[in-house]
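K.L.:
Provide a 3D model corresponding to the input given below.
(chains A, B and C)
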Amino acid sequence: MTTTIIFTIVCLSLLGLGLALILYFTAQKFKVEEDPRIDDVEAILPGANCGGCGFAGCRAFAEGCVKAESLDNMYCPVGGNDVMKNVAGYLGRTIAEKAPQVAVVKCNGNCDSRPKTSNYDGYQSCAVMSTLYSGDTGCRYGCLGQGDCELSCKFDALKMDPRTGLPEIDADKCTACGACIKACPKILIEFRNKGPKGKRIFVSCMNKDKGGIARKSCSVACIGCTKCQKVCAYDAITISSNLAYIDYNKCKLCRKCVVECPTNAIWEVNFPVRVPKKEVLTAEEQ
Amino acid sequence: MKKLIVSPAPHLHGEKTTRNLMRDVIIALSPSLLVSVYYFGFSAVKLALVGAVTAVLVEFVIQRYIIKGKITINDYSAALTGLLLALNLPPNSPWWIVFIGSVVAIGIAKMTFGGIGQNLFNPALVGRVFLLVSFPAIMTDWTIPASWFREGIDANTGATALSIVKEGLAKGIPMDQIFSENNFSYTQMLFSKIGGSVGEVSAFALILGFVYLLIRKVIKPHIPVAIIATVMVFSGIFWLIDPGHYTDPLFNVLTGGILIGSVFMATDYVTSPMSTRGMVFYGVGIGIITMLIRNFGAYPEGISFAILIMNACVPLINTYFKPKRFGREVNNG
Amino acid sequence: MSRTFSIGGIHPSDNKISVNAAIENFPLMEMAYISLSQHLGAPAEPVVAKGDKVKTGQLIAKANGFISANVHSSVSGTVASIEPLPDLAGNPVQHIVIKVEGDDWLENINRSSEIEREIKMSGPEILAKIAECGVVGLGGAAFPTHIKLSPPPGKKAEYLIINGAECEPYLTSDYRLMLEQPEEILIGAKIMMKALNVNKCFLGIEDNKPKAIKKMKGLCSKSYPQIKVVSLLKKYPQGGEKQLIDAIVKRQVPSMGLPIDTGVVVQNVGTALAVYEAVQKNKPLFEGIVTVTGKCMTEQRNFRMRVGTTFESMIFAVGGFPKDAEKLISGGPMMGKAVSRIDASSVKSTSALLLLTEKETKRGEEGNCIRCAKCVEACPMGLEPFLLNRLSRAGKTEELEANFVQDCIECGSCIYTCPANIPLLDTIRLSKAQVLKMLRTRPKK
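P.N.:
Below you'll find the predicted structure:
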């Protein structure tokens, strides 16, 4: 009995030793020389592997940072300026600070303001729906509401709101990785500067139809009336193909355009509630 | 203006649904069930009911209270699993045997993998094999219970033909003598062999079910035909070499679980291959393994194990046996 | 003995409820909305301006580029506007809107019903005439016919196949044409044979149309010996180009290839008639046969209809919008397009307007895949729709390519047959586009 046990232990130990040696020599033989700094940079990065930097993942980005001559075009949206400063410090390089950005949805036509004109009955996917037809409302630029952006968000920052049928972005969780921008077939999501204390103003509409047509399909559409452009003292608003656009670098957040807009298509976020109430309160204001 | 429905083509749908496919299989099982009720009476009814009801309940409880997801007991698939399990048990089994089997079949073999369509192994067979290895005495006790329609055979220990042959050969009794002593006849096997599981009683009733499934286009004939053909060829070769030690092909097909296994178990959608070529390969594999177990293994019957072993190969089969592609394999020259 | 294709296929009930409705002329509309994108390829370039007077059959827009087709006015009247209007999918497309004033045809169109049997033109002249008259394939894709009839250099056509299968349920426009104008179709086929320089032609008809087969067989044996009528099994998608070639000449179009790679050109019976009218009667393609049908309608009709008729007016011509109709389909129920706006108008290749109720068309709730392999069995291209669907949802473009997603002909057999109501084709169609995009950006070897 004891001999059997001893024999077993000896046999298995020898076997293990032999295999360990084989493993060791193979590992030595096939070792790939890599810059050890890549590992260190990777350790600094958040490790979300979201691809928001434009690389295949955090390791690829770390490799890119180490190999690149300057870090100007390198930016990790998840880690933000802090992480980039650390990376730059480790590599002994300098980097310019970038304003933190956040995704905004440029459609605010909900179930009431933009009534449905047909019932979609297919695979729940904006991509499928947009190849089939212009959409289930009168506006062919608007949100299709099937939630491709929600599926694409790895940070749980984007949720479809069942009341409005539109996506809602949680600015605290949003890392501006850009996955939702790629996922939206109607190109309704845009990065904008987060703004001081999260204050920002933007046109929440992408309708390029003429005013009358746009208004007919959606009561909160931008009709290209140019009122906001006229009231803007900083020349931040441009209008092309019946659609206003606010340049976030020029906008001084004076909120004059918000009051002026006849269709409530311009949104203000994170401002104190003003005394003369507007009829349509946005979800974020509430 | 009226709100129209807009959807991608096609705009029509066939009448087949998961629910009515499963219902068709249950209908196909009913001749066998009726025959077994005739022979085994209340015992068969009890096993079938306990099996089906437990299976449905277990699925409901898991979906409702553990997963908290969609409840799919309405698709009849759980009921079918329970019924199949009951039909694969000895007629004299106690009710708690089928209860445990059903819990294992649905709880472990089906729901842990993610419910219908996700399981790797046939749930009913997992249940049966679990019982076979856990309760070997009960699972090989072929005593025939009392029936409403048949009297005077209560005391019979209706051992299966396969086990009689296996034991006889082990004792060194010649094949002719085993056959004549036990009055084996093919007509008896076709219509009313008594020894065996609840569902195996009548080969004819099973064939009836098979024909129904084919007519309703629920299954394709490839798997059962491949299994039966392989069993016949394999056993035929051994029988021709040494008829004193090996049983003939027809005996092999008509006894034991070949028919119920190949028609109802091996053809289970979830655990069988997708392409026709894969189905044939799968069937041949089951046939060979079954015969290896029957001729050389310790168990008299091996189709349950054979199907489970081949179930494990199905993902591989699906990878290597692709359907015939249009325009890729034909030379137009 | 009927022939059929070798892989897959399904058997939807054919529901040809409008078979006995003879073709009648659709009443002239008040406004014609003529799309400039009625064909595959670049939109046509308008050659008229607002306020111009046009006659029926007059050229109003010229082909723009190699794959494109001329567009002719289907009515006579004044051009009211040239503007983007929504098509049936709601996307804006340039339209020429014409206010109808009477029905004044161009003088050089031969309007007599006498059959012109003698083919006077030479091959190249025929091709030029077909291009001039704006003839496109009427089987669905609306590919310009003159291009299809000129095989690329190095390829030679051996056979012409005329597609009279009409395998889609409900549709009867081709069937009525074969019954009412059989000889015109056969002359059209002969013209195309001359243009292609082939001397063998097959006319494939599904065997649920015995009257058409009998009529065509009789005519062919009497005066068109080069054309052979082939009876085909009733099975969907028998009328698919690749399936038809497989069924009739037993050749399979190679993956990513064209029918001409097997030496075959396929044309629809409607196209054959359009070719006949263009070459023998000098009549451009501006009207076609449209079946207006549906079980929910009180009557089902076959119309000869001018291009640019709105779907709305079609419905009102057959007694108005039925209460329970929930879906409008332009074309057949298997491959037709759902109409999202009834103010959109018909195009050259519109073959039917089908009205379905919610019960007939609503998709069931999606369940788990039970791996029944019914989709594999049904796929006429030998693909594995269940696998493609799974890969598509996981976004595995490379693996989709390796499983030949680009071979899919989008016939819809997989969704039709799926017992778990999985939207297989929706995801596959999307992946096909993604794979195509990937293939285009990939550097050539």
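
K.L.:
closest residue of chain C to chain B?
P.N.:
Chain C approaches chain B most closely through residue C:412 (3.1 Å), counting by Cβ to the nearest Cβ. C-beta here means a position set from N, CA and C on the backbone, and glycine is covered the same way.

K.L.:
right, and that residue touches residue C:332 too?
P.N.:
No - using Cβ atoms under 8 Å, residue C:412 is not in contact with residue C:332; the gap is 9.8 Å.

K.L.:
quick check: residues of the stretch 201-333 of chain B near chain A?
P.N.:
Counting by Cβ under 8 Å from any Cβ of the partner chain, none of the residues of the stretch 201-333 of chain B come close to chain A.

K.L.:
who in the stretch 201-333 of chain B is up against chain C?
P.N.:
B:220, B:269-276, B:322-328, B:330, B:332.

K.L.:
swap in 6 Å and give it another go.
P.N.:
Residues of the stretch 201-333 of chain B found near chain C (Cβ under 6 Å from any Cβ of the partner chain) are B:269, B:270, B:274, B:323, B:324, B:325, B:326, B:327, B:328, B:330, B:332.

K.L.:
now the residue in chain A that chain C sits nearest to: how far from residue B:235?
P.N.:
Of all residues in chain A, the one sitting closest to chain C is residue A:134 (3.2 Å; Cβ to the nearest Cβ). Applying Cβ to Cβ, to the nearest Å, the value for residue A:134 to residue B:235 is 66 Å.

K.L.:
swap in residue A:238?
P.N.:
On the measure of Cβ to Cβ, residue A:238 and residue B:235 end up 85 Å apart.

K.L.:
got it, and residue C:239?
P.N.:
Summarising the geometry, the distance separating residue C:239 from residue B:235, computed by Cβ to Cβ, is 49 Å.

K.L.:
and those two? Which one has more around it.
P.N.:
Comparing residue C:239 with residue B:235 by other Cβ atoms under 10 Å in any protein chain shown, the one with more neighbours is residue C:239, at 26 against 23.

K.L.:
could I get the contacting residues of the nearest residue to the more buried one once chain neighbours are set aside?
P.N.:
Setting aside the residues directly before and after it, residue C:239 is nearest to residue C:165 in space (Cβ to Cβ, 6 or more residues apart in numbering or on different chains), at 3.5 Å. Contacts for residue C:165 (Cβ atoms under 6 Å, 6 or more residues apart in numbering or on different chains) come out as C:204, C:206, C:232, C:238, C:239.

K.L.:
same thing with residue A:241?
P.N.:
Applying Cβ under 6 Å, 6+ apart, we find residue A:241 in contact with residue A:208.

K.L.:
for it, what are phi and psi?
P.N.:
With angles defined as degrees, to the nearest 10, residue A:241 sits at phi 40, psi 60.

K.L.:
around chain A, which positions in the stretch 201-350 of chain C sit nearby?
P.N.:
Within the stretch 201-350 of chain C, the positions near chain A by Cβ under 6 Å from any Cβ are residue C:340.

K.L.:
now the stretch 201-350 of chain C against chain A: closest residue?
P.N.:
Across the stretch 201-350 of chain C, the shortest distance to chain A (Cβ to the nearest Cβ) belongs to residue C:340, at 4.9 Å.

K.L.:
tell me the SS of that residue?
P.N.:
Following DSSP: H, G, I helix; E, B strand; the rest coil, the label given to residue C:340 is coil.

K.L.:
that one contacts residue A:133, doesn't it?
P.N.:
Yes - because the distance of 5.0 Å satisfies Cβ atoms under 6 Å, residue C:340 is recorded as touching residue A:133.

K.L.:
quick check: neighbours shared by these two?
P.N.:
Taking Cβ under 6 Å, 6+ apart as the contact rule, residue C:340 and residue A:133 both touch B:6, C:90.

K.L.:
look up phi and psi at the residue in the stretch 151-300 of chain B that chain A sits nearest to.
P.N.:
Of all residues in the stretch 151-300 of chain B, the one sitting closest to chain A is residue B:274 (21.5 Å; Cβ to the nearest Cβ). As for residue B:274, its main-chain torsions (degrees, to the nearest 10) stand at phi -90, psi -40.

K.L.:
repeat for residue C:395
P.N.:
The main-chain torsion angles of residue C:395 are listed as degrees, to the nearest 10 and equal phi 70, psi 30.

K.L.:
contacting residues for residue C:361?
P.N.:
By Cβ under 6 Å, 6+ apart, the contact list for residue C:361 reads B:11, C:327.

K.L.:
so what pLDDT did it get?
P.N.:
At residue C:361 the predicted local confidence, pLDDT, stands at 90.

K.L.:
so which residues of the stretch 151-300 of chain C form helices?
P.N.:
Chain-ordered helices for the stretch 151-300 of chain C, with DSSP state H, counting those that start in this stretch as the definition, fall at C:173-180, C:182-196, C:210-223, C:241-249, C:269-281.

K.L.:
and these as a markdown table, adding distance to residue A:161, mean pLDDT and mean neighbour count?
P.N.:
Conversion of the helices of the stretch 151-300 of chain C to a markdown table gives the following (distance: least, Cβ to Cβ, whole Å; pLDDT from 0 to 100; neighbours: other Cβ atoms under 10 Å in any protein chain shown):
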| stretch | distance to residue A:161 | mean pLDDT | mean neighbour count |
| --- | --- | --- | --- |
| helix C:173-180 | 46 | 94 | 23 |
| helix C:182-196 | 57 | 95 | 23 |
| helix C:210-223 | 56 | 94 | 16 |
| helix C:241-249 | 46 | 94 | 25 |
| helix C:269-281 | 49 | 95 | 26 |
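
K.L.:
out of those, which is closest to residue B:46?
P.N.:
Ranking the helices of the stretch 151-300 of chain C by distance to residue B:46, with Cβ to Cβ as the measure, places helix C:241-249 first at 53.2 Å.

K.L.:
is that closest one up against chain B anywhere?
P.N.:
No - Helix C:241-249 stays clear of chain B (Cβ under 6 Å from any Cβ), getting no nearer than 6.8 Å.

K.L.:
circling back: tell me how far the residue nearest to residue C:239 lies from chain A.
P.N.:
Computed as Cβ to the nearest Cβ, to the nearest Å, the residue C:165 to chain A distance reads 26 Å.

K.L.:
pLDDT value on the one residue in the stretch 101-250 of chain B that gets nearest to chain C, please?
P.N.:
The shortest separation between the stretch 101-250 of chain B and chain C is 3.9 Å, found at residue B:117 (distances taken as Cβ to the nearest Cβ). Residue-level confidence at residue B:117 comes out at 90, pLDDT.

K.L.:
could you measure from it over to chain A?
P.N.:
Between residue B:117 and chain A the distance, using Cβ to the nearest Cβ, works out to 18 Å.

K.L.:
what about that residue, neighbour count?
P.N.:
Residue B:117 - counted by other Cβ under 10 Å - has 20 other residues nearby.

K.L.:
try the one 10 residues further on
P.N.:
Counted with other Cβ under 10 Å, residues neighbouring residue B:127 total 31.

K.L.:
what does the one 3 residues further on give?
P.N.:
For residue B:130, the count of nearby residues is 18 (other Cβ under 10 Å).

K.L.:
and for the one 3 residues further on?
P.N.:
Using other Cβ under 10 Å, the number of residues around residue B:133 comes to 9.

K.L.:
and the helix or strand encompassing it, what does it pack against?
P.N.:
Element membership of residue B:133 [criterion: DSSP states H and E] is helix B:123-134. In terms of contacts (3 or more Cβ pairs under 6 Å, 6 or more residues apart in numbering or on different chains; DSSP states H and E), helix B:123-134 is packed against helix B:77-87, helix B:303-320.
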